[in-house]
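# Prediction below, plus the sequence it came from.
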Amino acid sequence: MVLNNNPQPNPLPSKGEGVWFDEFERETLYRVIHARRDMRHFSGGEVSSEALSRILDAAHAAPSVGYMQPWRFVRIVKADLRESLIALVEEEKDKTADHMDERKAEFMRLKIEGIRDCAELIAVILAPDDGTVFGRRTMPEEMALCSVSCAIENMWLAARSENLGMGWVSFFEPSDVATLLKCPDGAKPIALLCLGPVKEFYDKPMLETEGWRKREAMSVVLGEDQYPLATDNTPGHPILRKRNSP
Ligand SMILES: Cc1cc2nc3c(=O)[nH]c(=O)nc-3n(C[C@H](O)[C@H](O)[C@H](O)COP(=O)(O)O)c2cc1C
């Protein structure tokens, strides 16, 4: 770990209105990215209102197609509302299991949420389509959803930097959650986010530790000039050639 021994804040050479980051800050960002985990075990305790505000501000700073900002957040405060959401998630877990083949028993043993134990529960909702065409003529719903996902990833990283765990729960029937949360027509809940203090962070994705699935090799996900050819999970990084080199 590289420590910043400089007691003074690093001078940030500015370029235009923006900010250049130094090596320490860059390294910190990558550390946060790689240390982020989907968390399902929470230790109780609270999220301070300051931290929660920063996390929500991070969400609202996300990029969005045509700048449409199609995210809406609902903080679940009432205990009975949380219970109703838990019931929906449990119901969906059972239905999901019924669609599994030989891995059904293994799936049922997995912990897929920490809704009951997390300090804060936040529903994220795709707002009703406002008709934005900019950037989404061909893929309107996908681009709006991608924008909401960007907001959620910002929250995930912000939470991790606050040493708070966050878990994305998608096991629910969106129309049922929409009814519970009094969403307008056309709004679609896409995430229940469990947020809160944790005892420790998993060092690997829990689904990897549990033997459910492994991270794909970079060669499987990265192609050059065409869709990646590799399909196996052979470790190794494809050689990144300079652009336009023969
Ligand atoms: C769109 C989306 C939906 C997800 N839904 C769930 C869920 O319902 N329950 C769960 O346990 N994890 C859920 N996850 C978390 C993934 O299982 C997790 O990101 C993946 O296993 C990799 O682990 P990591 O996030 O710790 O790197 C979801 C993640 C995404 C991006």
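Nice, thanks for sending it over. Bear in mind that the values here come from a model prediction, so they are computed numbers and not experimental data.
# next helix or strand past the biggest strand by length in the chain?
If you go by DSSP state E, the chain has its longest strand at strand 188-196. Scanning forward in sequence from strand 188-196 by DSSP states H and E, the next helix or strand is helix 206-209.
# Tell me which residues of that next one come out buried.
Going by neighbour count (16 or more other C-beta atoms under 10 Å), the buried part of helix 206-209 is residue 206. For every residue, glycine as well, the C-beta is placed using N, CA and C.
# List the contacts of residue 85.
Contacts of residue 85 were listed using C-beta atoms under 8 Å, 6 or more residues apart in numbering, and they are 76, 115, 121, 123, 172, 177, 180, 192.
# Near the ligand, which residues of the chain? Just list them.
Contacts of the chain with the ligand, taken as C-beta under 6 Å from any ligand atom, map to 37-38, 40, 112-113, 168-171, 205, 207.
# Only the buried members of those residues: can you turn that into a ChimeraX selection?
Buried residues within the residues of the chain next to the ligand, by 16+ other C-beta under 10 Å, are selected in ChimeraX with:
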select :37,38,40,112,113,168,169,171
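# Redo the contacts of residue 85 as CSV? Include pLDDT, secondary structure and neighbour count.
Converted to CSV, those look like this (pLDDT from 0 to 100; DSSP: H, G, I helix; E, B strand; the rest coil; neighbours: other C-beta atoms under 10 Å):
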residue, pLDDT, secondary structure, neighbour count
76, 98, strand, 18
115, 97, coil, 23
121, 98, strand, 22
123, 98, strand, 23
172, 98, coil, 25
177, 98, helix, 23
180, 98, helix, 17
192, 98, strand, 26
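# max-length helix in the protein?
Assignment by DSSP state H gives helix 140-161 as the longest helix of the chain.
# got the contact list for residue 116?
With contacts defined as C-beta under 8 Å, 6+ apart, residue 116 is in contact with 82, 86.
# Would you check how far apart it and residue 82 are?
For residue 116, the distance to residue 82 (C-beta to C-beta, to the nearest Å) stands at 8 Å.
# residues in contact with the residue nearest the centre of the chain?
What sits nearest the mean C-alpha location of the chain, by C-alpha atoms, centre = their mean, is residue 153, with 3.9 Å. Listed by C-beta under 8 Å, 6+ apart, the contact set of residue 153 reads residue 62.
# repeat for the one 10 residues further on
Residue 163 is in contact with residue 197, counting by C-beta under 8 Å, 6+ apart.
# Could you do residue 41 as well?
Residue 41 neighbours (C-beta under 8 Å, 6+ apart): 111, 114, 117, 165, 198-199.
# So for it, what pLDDT did the model give?
Looking at residue 41, its pLDDT reads 96.
# how about the helices in the protein?
Here the chain has its helices, by DSSP H, at 23-35, 49-60, 79-98, 104-109, 140-161, 174-180, 206-209, 218-221.
# Tell me which of the ones you listed is the most buried.
Most buried of the helices of the chain, by mean neighbour count (mean count of other C-beta atoms under 10 Å): helix 140-161, with a mean of 20.
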